[in-house]
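Colleague: fold the stuff below for me.
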Amino acid sequence: MNKEFVFSLDSIRFDEHYQPSSATRLTTNFANLARGESRQENLRNTLKMIDSRFNDLAHWDNPEGNRYKVELDIISVQMEIGADGSAAALPLIEILKTTIVDGKHNARIEGIVGNNFSSYVRDYDFSVLLLEYNKNRDRFSAPDGFGVLHGQIFRSFVNSDTYRENFSKAPVICLSVSSSKVYHRTDNQHPVLGVEYQQNELSQTDEYFKKMGMKVRYFMPPDSVAPLAFYHTGDLLSDYTNLELISTISTMESFQKIYRPEIYNANSAAGHCYQPSLKHQDYSLTRIVYDREERSRLAIEQGKYVEECFIKPYRGILEQWSANYAH
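Modeller: Sure, this is the predicted structure:
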């Protein structure tokens, strides 16, 4: 077998009619929103939040605050081991691609790919491997090589012909800041990203994304209450236009308000020295139903799935590929 990773993409529109596909990770935030009695209302309200926040940030030449809409496509990445197609394709990651619709000029503007980030292998790393490793340890730590395989697979995808044929710029992934770290406000301020925060040491998530070839900066956008973590490969401030950045902020801040309301829908804004906490009590809930407990439970189930269907049966091939990739 040709021991190469071959990537393919599927795309599905995230709108009020969205139905998760059978291959979608059920822990994915947008899949969680699209289930249950309130599914269509959830989706409709989420999209309204995103459009409203976009127009709030893109306020210039937008007197009525309704010039723009954001379209979202869920990009599912599958991977085959071996170019001959002899192995079944494994659902690898899911990311979001934004498209900006300018109603004033009846134009469609390419946004940013990445935004949300969901990964089967990351489920395995954090919900299976890391928990097993720390089961009888006094001090929580990560095993040697933690996240290396996942990072190499991700970099292989971003450097692949499949990625270059479909996307014109490198991905930006926007996540919540870590509740285990303290962030300090700086004097640096960007007109769209807002005020920059820094921390003294990287979180475990930051270290994990570093192995994916991504560095991180933390910004609190105008009228936000907490900084967001922006993972990127190039220059975040100069590689992307203001509208591209706004498409990511409006999308991911809306998701964070739904499933991290203690941090991103708090009733007071982060100060000069800030440590986020999911135990914070002074916050408001959105009207959107989100099952956080189900998400945590499914992450373990899906981590075990990838262990049985990918890690164990292809361990030898993966170790050989990983060693060659490192060189």
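Colleague: immediately after the helix or strand bottoming out on mean pLDDT in the chain, which helix or strand?
Modeller: Within the chain, no helix or strand scores below helix 29-33, which has a mean of 63 by mean pLDDT, DSSP states H and E. Note on helix 29-33: by DSSP states H and E, the next helix or strand toward the C-terminus is helix 39-57.
Colleague: pLDDT of that next one, averaged?
Modeller: What helix 39-57 shows for mean pLDDT is 92.
Colleague: can you pull the buried residues of it?
Modeller: 39, 42-43, 45-47, 49-51, 53-57 (16 or more other CB atoms under 10 Å). No exception for glycine: its C-beta is placed from N, CA and C like everyone else's.
Colleague: export the residues you listed to JSON lines and tack on distance to Leu9?
Modeller: Output for the buried residues of helix 39-57, formatted as JSON lines (distance: CB to CB, whole Å):
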{"residue": "Arg39", "distance to Leu9": "25"}
{"residue": "Asn42", "distance to Leu9": "26"}
{"residue": "Leu43", "distance to Leu9": "23"}
{"residue": "Asn45", "distance to Leu9": "29"}
{"residue": "Thr46", "distance to Leu9": "23"}
{"residue": "Leu47", "distance to Leu9": "23"}
{"residue": "Met49", "distance to Leu9": "27"}
{"residue": "Ile50", "distance to Leu9": "23"}
{"residue": "Asp51", "distance to Leu9": "26"}
{"residue": "Arg53", "distance to Leu9": "27"}
{"residue": "Phe54", "distance to Leu9": "25"}
{"residue": "Asn55", "distance to Leu9": "30"}
{"residue": "Asp56", "distance to Leu9": "32"}
{"residue": "Leu57", "distance to Leu9": "29"}
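Colleague: any low-confidence regions in the stretch 151-300 of the chain?
Modeller: 289-297 (pLDDT under 70).
Colleague: strands of that one, start to end?
Modeller: Per DSSP state E, counting those that start in this stretch, the stretch 151-300 of the chain carries strands over the ranges 172-176, 183-190, 194-199, 215-220, 228-232, 273-274.
Colleague: redo these as TSV? Include distance to Thr162.
Modeller: As requested, the strands of the stretch 151-300 of the chain are exported to TSV (distance: least, CB to CB, whole Å):
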stretch	distance to Thr162
strand 172-176	18
strand 183-190	32
strand 194-199	34
strand 215-220	24
strand 228-232	20
strand 273-274	39
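Colleague: just tell me which of the ones you listed ends up closest to Arg108.
Modeller: Nearest of the strands of the stretch 151-300 of the chain to Arg108, taken as CB to CB: strand 172-176 at 19.4 Å.
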